[in-house]
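1. Sequence first, predicted model second:
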Amino acid sequence: MKLRGIVYGGQAHFTSRFIDINGTIWFHDGISTGRNCVPETNLSSLADLMALGRCGAKKAVAVIYGRSN
């Protein structure tokens, strides 16, 4: 199973990151990005995966894993 998404909570608002099959990390915040997801970086370029535990002032509250094909 591979990491496919992270939900962040805090300040009475949720945001999320999604990881596509190419490892691109996409950010989504319905307030600031609307319906769009914004590309951030690639999973392979992160030196410390623990950095994904926070997104700004928000902490990870759920992770989503999926099968790799």
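-> That came through, no problem.

2. Spatially central, which residue of the protein would that be?
-> Arg17 (1.9 Å; Cα atoms, centre = their mean).

3. would you list every one of the helices in the protein?
-> Under the criterion DSSP state H, the chain carries no helices.

4. remind me which residues of it are low pLDDT?
-> Judged against pLDDT under 70, the low-scoring parts of the chain cover residues 69.

5. what's the burial count for the closest residue to Thr41 other than its chain neighbours?
-> Distances taken as Cβ to Cβ, 6 or more residues apart in numbering place Ile25 nearest to Thr41, at 5.5 Å, with adjacent residues excluded. (Glycine included, C-beta is placed from N, CA and C.) Neighbours of Ile25 under the rule other Cβ atoms under 10 Å: 21.

6. from what I can see Ile25 touches Val38, true?
-> No - contact status for Ile25 versus Val38: not in contact, 9.9 Å apart, counting by Cβ atoms under 8 Å.

7. Quick check: neighbours shared by the two?
-> Residues touching both Ile25 and Val38 by Cβ atoms under 8 Å, 6 or more residues apart in numbering: none at all.

8. how about Ser68, what does it touch?
-> Counting by Cβ under 8 Å, 6+ apart, Ser68 makes contact with Met1, Lys2, Ile21.

9. Excluding chain neighbours, what is closest to the residue nearest to the centre of the chain?
-> Arg17 sits nearest to Ile6 (Cβ to Cβ, 6+ apart), 4.8 Å away.

10. Report the separation between the one you found and Phe27.
-> Distance from Ile6 to Phe27, counting by Cβ to Cβ, to the nearest Å: 10 Å.
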